[in-house]
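> Sequence and predicted structure, then a few things I'm wondering about:
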Amino acid sequence: MAASYLPRFWRSAAQADRLDFQNNNIVPGKKPDFEQAKEVEEKGTNNFETEDEFENPANRSLLNKLIRRSLVESPYNVEVLQRDPKSPLYSVKTFEELHLKRALLDGVYAMGFNRPSKIQANALPMMLADPPQNLIAQSQSGTGKTAAFALAMLSRVEAKKSYPQCICLSPTFELALQTGKVIEEMGKFCDEVKVVYAVRGNRPSRGSHIDAQIIIGTPGTVMDWCFKLRLVDVSNISVFVLDEADVMINVQGHSDHSIRVKRAMPKTCQMLLFSATFEDSVWCFAERIVPDPNIIKLKKEELTLDNIQQFYVACECKEQKYSTLCNLYGIITIAQAIIFCQTRKIASWLSRQLSDDGHGVVLLSGELAVSDRAHMIHRFREGKEKVLVTTNVCARGIDVEQVSIVVNFDLPLNVDGSVDYETYLHRIGRTGRFGKKGIAMNLVEKKCLHMLQEIEKQFKTRIKKLNNQDFDDMEKIWT
Ligand SMILES: Nc1ncnc2c1ncn2[C@@H]1O[C@H](COP(=O)(O)OP(=O)(O)OP(=O)(O)O)[C@@H](O)[C@H]1O
């Protein structure tokens, strides 16, 4: 790693070879005592200015810990956020008060959840009501929507009946796998409940019996399973979930399939639509296709999360964006990062270029075979790869806790060249999960700077400028 690209105080530490940034290793040193740890913490990370202080092994170790905490672990406190009425994680309720069955309570606690988030506490009573009620729900990215609808499905299935009872549609292969894993994990104490994946590459033979109660899949494959292969008796489906519902009902390709599957559901089937974003017109459409829904809706100014700080660097051209990215590399690889590109072509150019220049990187785009996609996302999730270069295929839903920085190598655009606000929000929402701190960095050509103002106006938010040359500016980010 080129130490000169590091902020001042990290630079001196790195030059002294005291911190193994690449591997986030804690440098062995004298174990700091608690009082000293507190004192240093209260001083703040920027107070480690002198070499002398770095000489002290206790301080070195503490510094390392602080960097880890601000970048990798983030000094966030879910407990505190959950008591703040302004936070999307706020909840006055406990999971017990949501009347979940014992096996599910065991499941959520085993996952380390102590209290429900706002969306979970508000949506679950509606979803579990009898008779079942439909719901269209919006909540910011990373606030626990997946767990909310997973709990609803797991609460509704009759485990003794070995046939599909719930269908959940996701827009991508990766998200379907991730959501299925959450359902499996959460339901691990519910004996006999199974999940099956209706995704590309998993094709049971025609007429085979599916004994899983929950089907999670992408719209095209689920449609094939229901209508072409006749694997699913749709008249038994009691819960139908559309995750990322706005793209599922509005974007060509997804919408034809999703709406066809939805129309085949029995009249009594409960419809649950979730997303962090719903353009006004899409919201109206959703209300038209879901009978008599309960509604949980956010205001525009509630959409961005305070825990994600947004920045931009103004660049002259693509090449300068690339060199800026290289300058940032030491910083973005302290934790994990996702770099978004507008097209597959740019993504593969960028990942090739970065690897040629000796940077570790993994590419995930739609052109890869599904097995390669699964392999790449698995390696990234495991932390074996620190930087993921991708397209919008990973913009939504992907939940990797250690992602501290999202870089928009290109701003997300609609086909007409205007800013795609929804995708912007989903992309930056890959960091700052469940109250953690995160950073969104936009590399923007000067001719496109007006787009940043449009984003600021749209979400009543602020995107701060960073100086291209002087990455000591970056220092300010973490403080
Ligand atoms: N009640 C909870 N307590 C602690 N952690 C939680 C809780 N609910 C969810 N999480 C964690 O928060 C993270 C984000 O949750 P999730 O992926 O469900 O968010 P989401 O709202 O679906 O996000 P997106 O809009 O990006 O799809 C996950 O790692 C999940 O395990």
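All right, it came through fine. Residues are numbered from 1 along each chain as shown.
> what residues does the protein put near the ligand?
Contact residues, the chain versus the ligand (C-beta under 6 Å from any ligand atom): 78, 113, 116-117, 120, 139, 141-147, 276, 397, 399, 401, 429, 433-434. Bear in mind the C-beta positions are built from the backbone N, C-alpha and C, glycine included.
> Go ahead and build a PyMOL selection from the buried members of these.
Only the buried members of the residues of the chain next to the ligand enter the following PyMOL selection, criterion being 16 or more other C-beta atoms under 10 Å:
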select buried, resi 78+113+116+117+120+139+141+142+143+144+145+146+147+276+397+399+401+429+433+434
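> ends of stretch 420-437, how far apart?
With C-alpha to C-alpha, to the nearest Å applied, stretch 420-437 spans 24 Å between its terminal residues.
> Check stretch 262-275 too.
For stretch 262-275, the end-to-end distance is 17 Å (C-alpha to C-alpha).
> From the residues of the chain next to the ligand, which land in helices?
Among the residues of the chain next to the ligand, the members found in helices (DSSP state H) are 78, 120, 145, 146, 147.
> Looking at these, which is nearest residue 387?
Closest approach between these and residue 387, by C-beta to C-beta: residue 146, at 24.4 Å.
> unless I'm mixing things up, that closest one is touching residue 433, no?
No. When contacts are counted by C-beta atoms under 8 Å, residue 146 is not listed as touching residue 433 (11.0 Å).
> Common neighbours of those two, please.
Here residue 146 and residue 433 have residue 399 as joint contacts, going by C-beta atoms under 8 Å, 6 or more residues apart in numbering.
> for this structure, which spans come out with low pLDDT?
For the chain, the stretches with pLDDT under 70 are 1-76, 78-80, 82, 92, 468-479.
> what are the ranges of the strands in it?
In the chain, the strands defined using DSSP state E lie at 135-138, 166-169, 195-198, 214-217, 239-242, 270-275, 294-296, 308-315, 336-340, 362-364, 387-390, 403-408, 438-445, 463-466.
> Give the closest residue to residue 183 in space, chain neighbours not counted.
The shortest distance from residue 183 to any non-neighbouring residue, by C-beta to C-beta, 6 or more residues apart in numbering, is to residue 150 (4.6 Å).
> contacting residues around that neighbour?
Contacts for residue 150 were tallied using C-beta under 8 Å, 6+ apart; they are 179, 182, 183, 186, 187.
> Residue 106 too?
Residue 106 neighbours (C-beta under 8 Å, 6+ apart): residue 189.
> Please apply the same query to residue 376.
So residue 376 contacts 362, 363, 364, 368, 385, 388 (C-beta under 8 Å, 6+ apart).
> Show me which pair in these is furthest apart.
With distances taken as C-beta to C-beta, the most widely separated pair in those is 368 and 385, at 14.2 Å.
> For residue 425, the count of nearby residues, please.
Using other C-beta atoms under 10 Å, residue 425 is surrounded by 25 other residues.
> so it touches residue 276, yeah?
Yes. Proximity of residue 425 to residue 276 meets the contact threshold set by C-beta under 8 Å, at 6.4 Å.
> Need the overlap of contacts for those two.
When contacts are counted by C-beta under 8 Å, 6+ apart, residue 425 and residue 276 have 141, 303 as shared neighbours.
> hmm, back to that, tell me which two of the contacts of residue 150 sit farthest apart.
Pairwise over these, using C-beta to C-beta, the maximum falls at 179 and 187, 12.2 Å.
> for stretch 311-325, how far is the first residue from the last?
13 Å.
> Would you mark the buried spots in it?
311, 312, 313, 314, 315, 320, 321, 322, 324, 325.
> before we move on, what about stretch 238-257?
Buried, per 16+ other C-beta under 10 Å, within stretch 238-257: 238-250, 254-255, 257.
> Then stretch 294-307?
Result for stretch 294-307 [16+ other C-beta under 10 Å]: buried residues 294, 296, 298, 303, 304, 305, 307.
> next one: stretch 381-392
Quick answer for stretch 381-392 (16+ other C-beta under 10 Å): 381, 385, 386, 387, 388, 389, 390, 391, 392.
> where does stretch 250-267 sit relative to the chain's centre, distance-wise?
With C-alpha atoms, centre = their mean, to the nearest Å as the basis, stretch 250-267 stands 25 Å off its chain's centre.
> Please report how far residue 250 lies from the ligand.
16 Å (C-beta to the nearest ligand atom, to the nearest Å).
> Now that residue: closest residue in space, sequence neighbours ignored.
Sequence neighbours aside, residue 282 is the residue nearest to residue 250 in space, at 4.7 Å (criterion: C-beta to C-beta, 6+ apart).
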